[in-house]
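**Student:** Here's a sequence, model it:
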Amino acid sequence: MTEAVLAPEDDLFWLQRAGAIVTGTAAALDNAARRLADAMAWFWTAYAAVALVVVTGTDGINGVGTAVVVAVPAVLVFAAYLSATFATLPIQVNFDDRAPDSIKAAHELVMKRRRRRIEISAVLAALAALSVAAAVSLIAVTRGQDRTDVAVFNISDTRILAGGQVDEVKQVTVRLVDPKGGLTERVVPVANGSWDTTFPLAISGIYEVSAIWTIDEVRHSVAEKLDWP
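**Tutor:** Numbers count the residues shown, from 1 in each chain. Got it, this is the predicted structure:
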């Protein structure tokens, strides 16, 4: 028995289309919130490298102004990440599961609250991105060529984010040892003094991640242990 093909002239066609839009909107909002959280996790990794350049550099933090420039983006990125994560959490509403009108009203309320959460997250994310860009530009101008080679590792959901700043090299070797002793090694190109890469996580436990590069035949490395989940 073949299923009837509905045309746009049929009311049932538009009823099915409306159902698909309603369910698709909820999934799209959830995906948007998760993407914002992932973006803020990446920004945190990238900015942490810049902040460490300032803190561990030869001059360190000079003056209150520089300290504020370094601190404000970190606060905004962290707030944006928490807000985006909060937007993915379930929203509790009460409704009568026997009454379609009550179910519809509850659904509309949930969508309204979720949209509001995502709007707040998007504003915070935009402010965080602008503050990071402004801080990086200001630090680059004020510090000139005074930079320290550095690497930063962080965990976001089911991935390890690795990135940093390194001068005078074209590539960085990044190694990851999983809790069972398995080794993953990756050569990451350096572009404009910066590099970044990600590793998926699948096994619970302690991961050892390291970045290695060579300048003038001198080997440099940064290593860290990360516990997941």
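**Student:** If you tally nearby residues, what's the number for residue 222?
**Tutor:** The number of residues packed around residue 222, counting by other C-beta atoms under 10 Å, is 19. Where you see a C-beta, it was placed from the backbone N, CA and C, and this is true even at glycine.
**Student:** can you list the domains in the protein?
**Tutor:** 7-146, 149-229 (automatic domain parsing).
**Student:** need the least confident one among those, by mean pLDDT.
**Tutor:** Considering the domains of the chain one by one, the lowest average pLDDT is found for domain 7-146, at a mean of 69.
**Student:** ranges for the strands of this protein?
**Tutor:** Taking DSSP state E as the test, the strands found in the chain are 150-156, 159-165, 171-177, 183-189, 194-200, 205-215, 218-228.
**Student:** For those, give me JSON lines that also has distance to residue 84.
**Tutor:** As requested, the strands of the chain are exported to JSON lines (distance: least, C-beta to C-beta, whole Å):
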{"stretch": "strand 150-156", "distance to residue 84": "11"}
{"stretch": "strand 159-165", "distance to residue 84": "16"}
{"stretch": "strand 171-177", "distance to residue 84": "26"}
{"stretch": "strand 183-189", "distance to residue 84": "27"}
{"stretch": "strand 194-200", "distance to residue 84": "18"}
{"stretch": "strand 205-215", "distance to residue 84": "24"}
{"stretch": "strand 218-228", "distance to residue 84": "20"}
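**Student:** I figured residue 169 hits residue 215, correct?
**Tutor:** Yes: because the distance of 6.1 Å satisfies C-beta atoms under 8 Å, residue 169 is recorded as touching residue 215.
**Student:** quick one, which of those two is more surrounded?
**Tutor:** The residue with the greater number of neighbours, taking residue 169 and residue 215 and applying other C-beta under 10 Å, is residue 169; the counts read 15 against 12.
**Student:** nearest to residue 123, of the strands of the chain?
**Tutor:** When the strands of the chain are ranked by distance to residue 123, counting by C-beta to C-beta, first place goes to strand 150-156 at 21.1 Å.
**Student:** Direction included, what does that closest one pair up with?
**Tutor:** Here strand 150-156 is paired, per DSSP bridges, with strand 159-165 (antiparallel).
**Student:** give the contact list for residue 201.
**Tutor:** With contacts defined as C-beta atoms under 8 Å, 6 or more residues apart in numbering, residue 201 is in contact with 155, 158, 159, 160, 207, 228, 229.
**Student:** Leaving aside the residues adjacent along the chain, what's closest to the second one?
**Tutor:** Distances taken as C-beta to C-beta, 6 or more residues apart in numbering place residue 201 nearest to residue 158, at 4.9 Å, with adjacent residues excluded.
**Student:** And stretch 171-182, end to end?
**Tutor:** According to C-alpha to C-alpha, to the nearest Å, stretch 171-182 extends 23 Å from its N-terminal end residue to its C-terminal end residue.
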